[in-house]
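[1] coords please:
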Amino acid sequence: MPYLSKYPVLAACLFLLMLGVNGCEDKRPRSGEAPILHLKTYAGENFTLDGKDAQATLIVFWATWCGPCLMEIPSLITLNRKYQHRRFRVVAINVDDAQGGKARPILKRYGVDYPVLIGDEATMQSFGGVEALPTSFLVGSDGILRDKIRGLLPEAELERRILKLL
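    Model prediction:
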């Protein structure tokens with residue numbers, strides 16, 4: 001595109017527009033329904049995550065090397081306990097430690113009392129892709145994806161979004 005060199009402002013605007021469009025792309029499944037997952041816990045138990053079980057769910061993708069993921073754990077524990085009586089739950093999916101050698105000590109140290117499942121790239125793709133960690137999905141009790149949260153939110157903002165769902 002040699003003509004863009006004659007119009008540097010136009011070239012810069014087009015470049016920024018392309019960045020903005022690509023960066024804002026929503027990667028949710030097209031149907032809006034949360035995928036049904038059959039995964040294992042670190043205890044070796046089978047766990048089915050089905051959006052049609054009449055529970056609102058915060059699904060959190062995380063990794064053991066992810067600092068913000070670890071920072072989020074105390075808030076997740078608090079919110080899970082605070083709203084479980086309103087049919088809300090947190091379910092975490094670890095994507096970097098299938099054997100649990102690193103994850104188990106972290107879960108024990110923080111006293112995690114919500115389900116932690118073992119996922120992988122295919123699990124992330126079933127949600128339309130996960131580009132950053134942590135990434136969370138709020139699923140309504142009707143099984144519909146309501147919110148995709150990239151990165152770490154302050155606990156008060158996460159709670160606000162959960163309450164909006166309930």
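
[2] ramachandran angles for the residue positioned nearest the centre of the chain?
    Computing the C-alpha centroid of the chain and ranking residues by C-alpha atoms, centre = their mean puts residue 136 first, at 2.0 Å. When read as degrees, to the nearest 10, the backbone of residue 136 gives phi -120, psi 150.

[3] list the contacts for it?
    By C-beta atoms under 8 Å, 6 or more residues apart in numbering, the contact set of residue 136 is 58, 59, 60, 61, 148, 149. C-beta: built from backbone N, CA, C; applies to glycine.

[4] for residue 46, same thing?
    38, 39, 40.

[5] per-residue pLDDT, it?
    On pLDDT, residue 46 comes in at 96.

[6] where's it relative to residue 134, distance?
    Distance of residue 46 to residue 134, computed by C-beta to C-beta, to the nearest Å: 24 Å.

[7] quick one: residue 100 from residue 64, how far?
    10 Å.

[8] and the contacts of residue 136, which of them are in helices?
    Members of the contacts of residue 136 lying in helices (criterion: DSSP state H): none.

[9] and which of those residues is nearest residue 118?
    residue 61 (11.8 Å; C-beta to C-beta).

[10] sorry, back to before: whichever of the contacts of residue 46 end up buried, select them in ChimeraX.
    Restricted to buried positions by 16 or more other C-beta atoms under 10 Å, the ChimeraX selection for the contacts of residue 46 reads:
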select :39
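
[11] low-confidence bits of the protein, can you list those?
    1-31 (pLDDT under 70).

[12] which parts of it are strands?
    With strands called from DSSP state E, the chain shows them at 37-40, 46-49, 56-62, 88-94, 116-118, 135-139, 145-150.
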